[in-house]
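> predicted model, plus sequence, below.
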Amino acid sequence: MIHSIFTQLLQTLLIVGLAPLLVGWVNQCRAWLQNKSGAGVLQPYRVLHKLFNKDAVLADGASPLFRLAPYVQFGCMALVGTIVPVLATDLPFAAAADVIALVGLFALARLFAALAAMDVGTAFGSMGARREMLVACLAEPALLMVFFTPSLIAQSTSLPTIVETLAHREFVLYPSLAFAAIAFYMVSLAENARIPVDNPTTHLELTMIHEAMILEYSARHLALIEWASAIKLMNYSVIGISLFLPWGIVEAEGWLLIPVALAALFAKLLAGGAALALLETLSAKMRIFRAPEFLGTAFLLAVLGMLIRLALEK
Amino acid sequence: MTPTFAGQLINLLAALLLLIAFAMLSQRRVLSLIYLFAWQGFVLVLSTTLVAYSTGQHHLYYSAALTLILKVFALPWILHRLIIRLNIKWDVETLINIPTTMLLGIVLVIFAFNLALPISQLASTVTKNTLGIAMACVLLAFLMMITRRKAVPQVIGFLAIENGLFFAATSATYGMPMVVEFGVALDVLVGTFIFGIFFFQIRETFDSLDIHHLEKLKED
């Protein structure tokens, strides 16, 4: 019991604390790929530090919801970070929610982001919120479909059970999981405002989605939102790892192997971040009206994965 | 019950075939369509070789070799030459927009899987589960044929149907007799040549490769 609480604490600290580092690593890789020197992997921490030390400015007529939203977003993302099994499957918090509830938590955070964006009544905020909801209403069903395929394999929607089934049973090739993995990657690109759907570094009004929603925020609120979106990227990465590359995550009673799990996690995140940077360098941002087609393809792949699971792997 | 490792690999390749069939359905460019067709042939070769290896059916090696020569190299090369000569490397026009086509494709896959279920229960081959995928490939290629306006994608759809049928034969009964396979291969090759000649005739008559023009029977 003590060990599982220790693992839980370690994992939560790891996800919340290292999320900006992952963002910094992706940005650094992208800078290297574009022949730039880059700002260093610690740059997101410097930005957060700067923002936390500033005085917050609120727009006239901003309701309490506008103030509350950053805390809700941060809380949701940190909570997701405690539920996903990253180092060990033996987590006291993991029983609190299954994969479907995870989708709900992401949706809650997004709902507050969109409401807060519309709250101040600026044109950009509402536009960003509407675009975000367009992307979200297509990404969410695809994400659920992605989660159903591993759930069908493990016959459970709880993440620790899925990880135990995939990582610690006899090795079987699952073509359905390959489909689900591609679909998950596409959905997570859309959900994290990465390049084919949205550009995280742009402030060009015609193209921005996520950035348009948070234009009115400053100082600690902005810092919390930025941190929350870093944790979101981290969460999607660890969900992807635990569903599709779960080798290395230790089972219950195996807490002595935690250092191995830690090393495996770091290796996977380094490789995943570099792959994300490569993809972002190679592809161009799509027109926003192409996003439905992109997410439709993700949905299609996820459904195909499920069908193949039902028809082929009996 | 989990199948053997070879069986799992065959399943994976079957899933890949289905993915390529969908990619062809969503493809907007003729040139990429040809590459996808060549890839589909290549996956077919791999899976046939694997079936031949795991079951010890030697004649399947010959059909795999035949597929490799014909569908991975010869036919894509001929089609490539054709579209360069016809100068139509660019966009493919579709009758229905692509997301709708994809949704129709999913419906077809569900239909094919249901249809193949009783047949695969009767079959005793290691590849019996892939029959549904083979039928889905046939139906998807057919869907591609009827939703495209221009002649070249329709011909590629026709050739992809043949790929699907070949895969169905491999998965249901470990391939057709050699004579039949040679006959089909020859037919497909000659068919492509004839289609090539047709393309030029159609374009000369109507100044475009739009099949729509063929519906008019009278000169006016």
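Now that the structure is in, tell me what you want to look at. Numbers count the residues shown, from 1 in each chain, chains lettered A, B, ... in the order given.

> OK, now which residue of chain A is nearest to chain B?
At 3.4 Å from chain B, A:Pro175 is the closest residue in chain A, using Cβ to the nearest Cβ. C-betas here are computed from N, CA, C, even on glycine.

> okay, now that residue: neighbour count?
Counted with other Cβ atoms under 10 Å in any protein chain shown, the neighbours of A:Pro175 add up to 25.

> swap in A:Phe93?
Neighbour tally, A:Phe93, other Cβ under 10 Å: 17.

> show me what contacts it?
A:Gln8, A:Thr82, A:Ile83 (Cβ atoms under 8 Å, 6 or more residues apart in numbering or on different chains).

> what about the residue of chain A closest to chain B, distance to A:Ala311?
A:Pro175 sits at a distance of 11 Å from A:Ala311 (criterion: Cβ to Cβ, to the nearest Å).

> A:Cys76 now?
Note on A:Cys76: its distance to A:Ala311, by Cβ to Cβ, is 36 Å.

> can you verify my assumption that the residue of chain A closest to chain B contacts A:Leu307?
No - contact criterion Cβ atoms under 8 Å: A:Pro175 and A:Leu307 do not qualify, at 11.0 Å.

> the most centrally placed residue in chain B: which element?
For chain B, B:Ala160 is the residue whose C-alpha lies nearest the centre (Cα atoms, centre = their mean; 1.4 Å). Assessed by DSSP states H and E, B:Ala160 sits inside helix B:151-173.

> now that helix: how far from the chain's centre is it?
Its chain's C-alpha centre and that of helix B:151-173 lie 3 Å apart, by Cα atoms, centre = their mean, to the nearest Å.

> tell me the helix or strand right after it.
Counting by DSSP H and E, what follows helix B:151-173 is helix B:178-206.

> how about the secondary structure of whichever residue of chain B sits closest to chain A?
Of all residues in chain B, B:Ala15 sits closest to chain A, with a separation of 3.4 Å (Cβ to the nearest Cβ). Counting by DSSP: H, G, I helix; E, B strand; the rest coil, the backbone at B:Ala15 sits in helix.

> and it, how close does it get to A:Ile5?
Distance, B:Ala15 to A:Ile5, using Cβ to Cβ: 42 Å.

> so what's the backbone phi/psi at A:Gln196?
Not quite, residue A:196 is Pro, not Gln. phi -60, psi -20 (degrees, to the nearest 10).

> check A:Lys54 too.
Dihedral angles of A:Lys54 (phi, psi; degrees, to the nearest 10) stand at phi -100, psi 170.

> what is the neighbour count of it?
12.

> not counting its neighbours along the chain, what's nearest it?
Nearest residue to A:Lys54, sequence neighbours excluded (Cβ to Cβ, 6 or more residues apart in numbering or on different chains): A:Ala219, at 4.0 Å.

> now do the helices in chain A.
Applying DSSP state H to chain A gives helices spanning A:2-33, A:43-52, A:64-83, A:99-119, A:123-154, A:159-168, A:175-191, A:210-213, A:219-244, A:258-282, A:291-311.

> what average pLDDT does the shortest one get?
Averaged across helix A:210-213, the pLDDT comes to 80.

> packing partners for it?
If you count contacts as 3 or more Cβ pairs under 8 Å, 6 or more residues apart in numbering or on different chains; DSSP states H and E, helix A:210-213 packs onto helix A:99-119, helix A:123-154.

> mean pLDDT and mean neighbour count for those - can I get that in JSON lines?
Formatted as JSON lines, those follow (pLDDT from 0 to 100; neighbours: other Cβ atoms under 10 Å in any protein chain shown):
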{"stretch": "helix A:99-119", "mean pLDDT": "89", "mean neighbour count": "20"}
{"stretch": "helix A:123-154", "mean pLDDT": "88", "mean neighbour count": "21"}
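
> distance to B:Val30 added to these, as a markdown table?
Formatted as a markdown table, the helices and strands packed on helix A:210-213 follow (distance: least, Cβ to Cβ, whole Å):
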| stretch | distance to B:Val30 |
| --- | --- |
| helix A:99-119 | 39 |
| helix A:123-154 | 29 |
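
> dump those to CSV, plus distance to chain B.
Output for those, formatted as CSV (distance: least, Cβ to the nearest Cβ, whole Å):
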stretch, distance to chain B
helix A:99-119, 21
helix A:123-154, 10
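
> which residues touch A:Phe294?
A:Phe294 makes contact with A:Met186, A:Ala190, A:Pro196, A:Val197, A:Met286, according to Cβ under 8 Å, 6+ apart.

> highest neighbour count among those?
Ranked by neighbour count (other Cβ under 10 Å), these have A:Val197 at the top, with 24 neighbours.

> and it, how far is that from A:Phe106?
According to Cβ to Cβ, A:Val197 and A:Phe106 sit 15 Å apart.

> what's the answer for A:Thr7, then?
24 Å.

> please name the nearest non-neighbouring residue to the spatially most central residue of chain A.
Centrality entry for chain A: nearest residue to the mean C-alpha point is A:Tyr236, 3.0 Å, by Cα atoms, centre = their mean. Nearest residue to A:Tyr236, sequence neighbours excluded (Cβ to Cβ, 6+ apart): A:Ser188, at 4.1 Å.

> residues near the one you found, how many?
A:Ser188: 22 surrounding residues under other Cβ under 10 Å.

> buried stuff in stretch B:196-216?
By neighbour count on 16 or more other Cβ atoms under 10 Å in any protein chain shown, the buried set for stretch B:196-216 is B:Gly196, B:Phe199, B:Ile202, B:Arg203, B:Leu209.

> wait, the first one touches B:Leu75, no?
Meaning B:Gly196. No - taking contacts as Cβ under 8 Å, B:Gly196 lies outside contact range of B:Leu75: 10.8 Å.

> and chain B, which residues reach chain A?
Listed as neighbours of chain A in chain B under the rule Cβ under 8 Å from any Cβ of the partner chain: B:2, B:5, B:8-9, B:11-12, B:14-16, B:18-19, B:22, B:26, B:98-99, B:102-103, B:105-106, B:109-110, B:113, B:116-117, B:129-130, B:132-133.

> how about the helices in chain B?
Using DSSP H, the helices of chain B run over B:5-26, B:30-55, B:59-67, B:75-86, B:98-122, B:131-147, B:151-173, B:178-206.

> residues in contact with the shortest one?
It stands for helix B:59-67. Contacting residues not belonging to helix B:59-67 are listed as B:41, B:44-45, B:48-49, B:51-52, B:166, B:170, B:174-176, B:178, B:181-182, B:185 [Cβ under 8 Å, 6+ apart].
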